[in-house]
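Colleague: Okay, structure incoming, though there's no sequence with it:
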């Protein structure tokens, strides 16, 4: 399980240092791809394989499923962190997520999300009231 919020920076070679708490789970390899809300999703290789298996169950006749899979897989790249826990974020993914220097890396249970620090701050501020107001709209059994 990935938890927490971290504030690493991209270096001059477009490498991101993964939070120390995440490194062991990602050491064998990972997949980076486009996520929703203009962030990047980072899955351990095995986690991405599980997502892939779920997506394969969707019928080919489902246009939304085809569209989602095209964007997800076309933007994906696999990486193995170096000994310092760094991964290279390719230019197209940096552009998609608006990453320049300051990043927010958050744990999102089965995956890690990488946001531009500014975009994460805006998203979090916009969600605070909704989060605070959750009551009966919360998913059944959650609260």
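Modeller: Here it is on my side, so go on. Just so you know, these numbers come straight off a predicted model, no measurement behind them.

Colleague: same question for stretch 92-102, mean pLDDT?
Modeller: Average pLDDT, stretch 92-102: 97.

Colleague: And the contacts of it?
Modeller: 7, 9-10, 14, 32-34, 38-40, 75, 77, 89, 114-119 (C-beta atoms under 8 Å, 6 or more residues apart in numbering). All C-beta spots, glycine's among them, are computed from the backbone N, C-alpha and C.

Colleague: change it to 6 Å
Modeller: Applying C-beta atoms under 6 Å, 6 or more residues apart in numbering, the contact partners of stretch 92-102 are 9-10, 34, 38-40, 116-117, 119.

Colleague: filter those residues to the buried ones?
Modeller: Neighbour counting over the contacts of stretch 92-102 (16 or more other C-beta atoms under 10 Å) leaves 10, 34, 39-40, 116-117, 119 as the buried ones.

Colleague: Over to the residue lying closest to residue 37 once chain neighbours are set aside. Which of the three states is it?
Modeller: Excluding its sequence neighbours, the residue lying closest to residue 37 (C-beta to C-beta, 6 or more residues apart in numbering) is residue 123, at 6.3 Å. The three-state label given to residue 123 by DSSP: H, G, I helix; E, B strand; the rest coil is helix.

Colleague: which residues sit against stretch 5-12?
Modeller: Here stretch 5-12 makes contact (C-beta under 6 Å, 6+ apart) with 16-17, 19, 101-103, 105-106.

Colleague: looking at the sheet around the residue sitting nearest the centre point of the chain, what are its partners?
Modeller: By C-alpha atoms, centre = their mean, the chain has its centre lying nearest to residue 41, at 1.9 Å. According to DSSP bridges, the partner residues bridging residue 41 are residue 33, residue 113.

Colleague: Could I get the contacting residues of it?
Modeller: Neighbour list for residue 41: 33, 35, 111 [criterion: C-beta under 6 Å, 6+ apart].

Colleague: what sits up against the lowest-mean-pLDDT helix or strand in the chain?
Modeller: Least confident element among the helices and strands of the chain, by mean pLDDT, DSSP states H and E: helix 117-133 (a mean of 90). Residues outside helix 117-133 that contact it (C-beta under 6 Å, 6+ apart): 98, 102-104.
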